[in-house]
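Engineer: Sequence and predicted structure below; questions after.
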Amino acid sequence: MTRRRNVKIIATLGPSSDSPDMIKALWEAGADVFRLNMSHLDHPGLKRLHGAIRQVEAEVGRPIGILADLQGPKLRIGEMHDGAAMLETGAAFRLDMKEEPGTQERAPMPHPEIFDALMEGDALLLDDGKIRLRVTKKSKEFVDTEVLVGGRLTNRKGVSCPDTVLPLKALTEKDRRDFDAALDLGVDWIALSFIQRPDDIAEARKIAQGRAAILGKIEKPQALNHLEEILEISDAIMVARGDLGVELPLEQVPGWQKRLTRAARRAGKPVVVATQMLESMISSPTPTRAEVSDVATAVFEGADAIMLSAESAAGQFPVEAVHMMSRVSESVEADPTYPGIIYAQRTEPEATGADAISAAAHSVADTLNAAAIACWTNSGSTGLRAARERPLIPILVLTPIQATARRLTLVWGLHCVLTEDAKDLDDMVERACGIAHEESLAQPGERIVITAGVPLGTPGATNMLRIAFVDR
């Protein structure tokens, strides 16, 4: 099956979608990558879902990507007396290390690292930002705050510190165990939560050792201050709008979404836009107009992938949600304004032979009205460079390495086919033309543009461009 769109769709699996039949139905509806949320999975569950996805992959004969999303540190208050207390706006409220249940005047917060890092004047957010506090006094055992926005505070609600760099690593002990289990199974992507600094990504890369690609979730304001460095050492990033919208003023999130998307494209790294894209489809068979517009905006911006969370994991209409996301994407990409918007964001190629070849392939394909661009690649870097150009014709990626094909399922516009490495230049051209025809990307008499590295099979050495006619 050849998708009729460039943007990719990530579907989260959960209680509504964790059977092989449902996974296959989601793939047929348009899902390209499946997300396994380690906040809700144990290792047997991870293994079961991984096996089910690979079973579907074998049935459909197409590479399918698997993304394991690590939970990251979870900062929470403790228990409240009678389960809840009402915090009044303007009142004083203390957070401390005591074990007694919380009241209207105080609550336990068993995280000494927060007390060490907070400064007077810093903001504290409770319950996804519904309750806002400002630190007025601090010590090693407590912080006194003023309630800026009050509300009902219940047991074990989350704590966010938008103004504070916390002395916490992105990987908890649970994350490390989950990381190892995911790598042992052979997942394609690891998503890292709670990133504050480039060192968080570096630590994950050291553990992965190339066995999985690393996706950095941008969900904390501190990460925005180090965006260029994080992009440089990540394999991809995610605009995690849910958490980002808690720690940033909501009105700033759309602007950051655009900036992050464009920064990733300049860096030649895939970017995923996530959270609440079709939220109403958790309980409704159709989305709101605003949600459709939100999905469309991400597609117009040139995001590599858009993601469903609870819509496909726990919703009543998981297949319909994927199908709707695919329909909206196809409609946007067929819109007459789409080519101009995508082209306006085009980035000049870097001063390397590989980037020059990829840019030339795009230009030649446009000039000749070619049917497709075909890229031979082992590492996947040639495919990434071709996608960075955002050509409006299909990009056929040919690779002998299954892991490469699976990782590239996340990337804009790439149609990946697993095939034996080319024996020589003639074989390379003939096979590219044949597969382009078999995959319905080019018809006899049409031209395709082929890029590859010579000597064949040399990773990262894209240095050749050929023009070929499809004759069968």
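Structural biologist: All right, it came through fine. Numbering: from 1, shown residues only.
Engineer: Now do the helices in the stretch 151-300 of the chain.
Structural biologist: Assignment of helices within the stretch 151-300 of the chain using DSSP state H, counting those that start in this stretch yields the ranges 173-185, 198-208, 221-224, 227-233, 241-247, 253-267, 289-300.
Engineer: Rebuild those helices as TSV, extending it with mean pLDDT, mean neighbour count and distance to Pro391.
Structural biologist: In this view, the C-beta of every residue, glycine as well, is placed from N, C-alpha and C. Rendered in TSV, the data for the helices of the stretch 151-300 of the chain read as follows (pLDDT from 0 to 100; neighbours: other Cβ atoms under 10 Å; distance: least, Cβ to Cβ, whole Å):
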stretch	mean pLDDT	mean neighbour count	distance to Pro391
helix 173-185	98	17	33
helix 198-208	97	18	29
helix 221-224	95	20	30
helix 227-233	97	17	22
helix 241-247	92	20	28
helix 253-267	95	18	13
helix 289-300	98	18	16
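Engineer: Hmm, Gln276 and Val239 touching each other?
Structural biologist: No: judged on Cβ atoms under 8 Å, Val239 makes no contact with Gln276 at a distance of 11.8 Å.
Engineer: And the two? Which one has more around it.
Structural biologist: Under the criterion of other Cβ atoms under 10 Å, the comparison of Val239 against Gln276 puts Val239 first, with 26 against 16.
Engineer: Would you check how far apart that one and Ile448 are?
Structural biologist: 33 Å (Cβ to Cβ, to the nearest Å).
Engineer: cool, and Lys169?
Structural biologist: Relative to Ile448, Lys169 is positioned 47 Å away (Cβ to Cβ).
Engineer: Neighbour count for the two, which is higher?
Structural biologist: With neighbours defined as other Cβ under 10 Å, Lys169 and Ile448 compare such that Ile448 has more, 27 against 17.
Engineer: The more buried one looks like it's in a strand, true?
Structural biologist: Yes: assessed with DSSP: H, G, I helix; E, B strand; the rest coil, Ile448 lies in a strand.
Engineer: just for this structure, where's the confidence low?
Structural biologist: 1, 457-460, 472 (pLDDT under 70).
Engineer: The same query, at a cut-off of 90, please.
Structural biologist: Regions of the chain meeting the criterion pLDDT under 90 cover residues 1-4, 113, 116, 140, 344-354, 421-423, 453-463, 471-472.
Engineer: So for the longest helix seen in it, what gets flagged as buried?
Structural biologist: Longest helix in the chain by number of residues, with DSSP state H as the criterion: helix 43-60. If you call a residue buried by 16 or more other Cβ atoms under 10 Å, then helix 43-60 has these buried ones: Leu46, Leu49, His50, Ala52, Ile53, Val56, Glu57.
Engineer: So what angle separates the directions of the helix or strand following that helix and helix 43-60?
Structural biologist: Downstream of helix 43-60, the next assigned helix or strand under DSSP states H and E is strand 65-69. Here strand 65-69 runs at 160 degrees with respect to helix 43-60, directions being taken by axes from the mean of the first three to the mean of the last three Cα atoms, to 10 degrees.
Engineer: List the contacts of strand 65-69.
Structural biologist: With Cβ atoms under 8 Å, 6 or more residues apart in numbering as the contact definition, strand 65-69 has outside contacts at 10, 32-39, 46, 50, 53, 178-179, 182, 187-191, 193, 212, 215, 217, 406-407, 409-410.
Engineer: List the strands paired with that strand, with their directions.
Structural biologist: Strands adjacent to strand 65-69 in the sheet, as given by DSSP bridges, are strand 33-37 (parallel), strand 189-192 (parallel).
Engineer: Out of those, which one sits most buried?
Structural biologist: Each of these was assessed for mean neighbour count using mean count of other Cβ atoms under 10 Å. The highest is strand 189-192, with a mean of 26.
Engineer: How about residues contacting it?
Structural biologist: 33, 35, 65-70, 72, 170-171, 179, 182-183, 200-201, 204, 208, 212-217, 235-236, 238, 407, 410.
Engineer: one more time with 6 Å, if that's ok
Structural biologist: Leu67, Ala68, Asp69, Leu70, Ala170, Ala204, Ala212, Ala213, Ile214, Leu215, Gly216, Lys217 (Cβ atoms under 6 Å, 6 or more residues apart in numbering).
Engineer: Select only the buried ones of those residues in ChimeraX?
Structural biologist: To isolate the buried subset of the contacts of strand 189-192 in ChimeraX, counting by 16+ other Cβ under 10 Å, use the following:
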select :67,68,69,70,170,204,212,213,214,215,216,217
